[in-house]
Each structure stands twice: as structure tokens, then as C-alpha cells.
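K.L.:
got a predicted model here, sequence first, then my questions.
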Amino acid sequence: MPMREHHPHLQVRALSKRFGRTPVLEGVDLDVEAGEIFLLAGWNGSGKTTLLRCIADLTRFEGEVLLDGTRFGRDMRSRKALGYLPQVPGLPPWATPAELLDLFGRLRDTSTLPPELPERFLPPLGEPVGTLSGGQRQRLAIALTLLGSPTVLLLDEPAANLDEPGRAGLARILGKARARGAAIVVAAPSPGDLAGVPSTTGHLVDGRLRLDGPPGAAPAVGDATLAHLAIREVAG
């Protein structure tokens, strides 16, 4: 009986993006296995957000994105598999966290909170979003992204505005999401801003993705981990 060909859970192949005549991404290739965290590092303006938006099929691009070897797009299977945290979540200020969790839960066909959430991670559920701090809004946005246990997580600067307890909670969330088999891509301009250590890292330099070290070289994310990431600069 022939063996099935193995495909990484998330694959990006020859992905390129231009704004007008200006190239932003050029021939990006990326494999993220189930249960792997990939840290996407790079200076502001290097294309991290654009790459995540391309993978999420929120903007046009050249190349392809594959989920378990089949094209990833706007079909129901792809949408259900994807959890996307934008760099600036647009949450309505008049809604409460409870209302948003209920609404997004209905869209995700779930009535339960994400199992990855640590105790007391969520902000007050009855307060309007407009009265919450930036860190509290970020915690809510992370929770909304996790609803329905998506198998692909694209997180654009998830540690933004989080205090130390929030970053510790984020480390636990990443560890539990990885343990259940999610393929996770985290974009961060400063690796030290992220609590937790990914198994694979790479830099976007001049529109191209350059891996930094072999997969699996970094220590694992632990429930009590609040480590700073150490990434050497990739020579141009």
C-alpha cells in the first residue's frame, strides 16, 4: 500500500506582492507543521502584516497558500481553519466583550470559550469595549481569534499593549494551541516583546524570508515560560 505524501499543515509557495510597481514580498516560501510556532520577525515596514494578510486571503497576491496540500482560500473549510488576529483589531466601542464573544461564537458555531484561555485572562465581560484599556482590548481580540479552535493561527503582534501578566498568559495560550496541533505564525518587530519561544524563526529582509536556525532548535513554550527571544541578525 503506497504511503501518503506528507504535507506541512500550512504551506506558502512563491508568494509575491506588489503595491503598484513597488515589490513588498518576493518569492516567499514557508512551511509550518501542525504543532509548530513560527516567529516572523522584521523591521517596521518589512512586510510582516502584508504577508499575514496574504496568507489569510485578505488581499491579492501571486503564488499559493496550501492547507494540508490543498489550496487555502475563502471557502468554508479554509475560513473555519483560520484564526487571524490583525495588528489593530477593529472592535466596536459600544459592544461588550460578552456580546462579541457570543456573536463571534455563533459565526464559529461554538458556544464555549477557547480552552487555551488562562483564568482571569478576559477583561470585564459587561463593560463596553470603548471603556477598556488597550491591553484589555488586546486580550479580548486574542480570545475572539481562538474561538472554534482554528488549526491555523496568524497573530500580528499579539503581545502589543499587554502587561507582564498578559504576556505570561499569551505564552500559556501559545503553548496550549501548539499542543493541540495548531500551526501558528506570530509576527513581531521586536522578538523580545513576545513571551515564549517559537520552534522556528525567520526574518523578512528586502521582501524575502530568511530562516534563522534549524527548526526545533529553540526551547519549547512552557506554561510558566516568560522568556525573551534571542534571534541573531541574518546577514544580507
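P.N.:
Arrived safely, thanks for sending. Residues are numbered from 1 along each chain as shown.

K.L.:
in this protein, which helix or strand is least confident?
P.N.:
helix 76-81 (a mean of 87; mean pLDDT, DSSP states H and E).

K.L.:
pull out the buried residues from that helix.
P.N.:
Within helix 76-81, the residues that qualify as buried by neighbour count (16 or more other C-beta atoms under 10 Å) are 78, 79, 81. Just so you know, the C-beta spots here come from the backbone N, C-alpha and C atoms, and that holds for glycine as well.

K.L.:
so what secondary structure elements neighbour that helix?
P.N.:
Packing partners of helix 76-81 (3 or more C-beta pairs under 8 Å, 6 or more residues apart in numbering; DSSP states H and E): strand 62-67.

K.L.:
one step back: quick one: contacts of the least confident helix or strand of the chain?
P.N.:
With C-beta atoms under 8 Å, 6 or more residues apart in numbering as the test, helix 76-81 has contacts from 57, 67, 72, 108, 148, 150, 151, 152.

K.L.:
C-alpha coordinates for it, CSV please?
P.N.:
The C-alpha trace of helix 76-81 is given here as CSV (Å, rounded to 0.1, in the frame of the first residue of the first chain):
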residue,chain,number,x,y,z
MET,A,76,-15.8,27.4,4.3
ARG,A,77,-13.2,24.8,5.1
SER,A,78,-10.4,27.4,4.9
ARG,A,79,-12.4,30.0,6.9
LYS,A,80,-13.2,27.5,9.7
ALA,A,81,-9.5,26.5,9.9
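
K.L.:
for the helix or strand following it, name the packing helices and strands.
P.N.:
Heading C-terminal from helix 76-81, the first helix or strand you meet, by DSSP states H and E, is strand 82-85. Secondary-structure packing of strand 82-85 (3+ C-beta pairs under 8 Å, 6+ apart): helix 134-146, strand 152-156.
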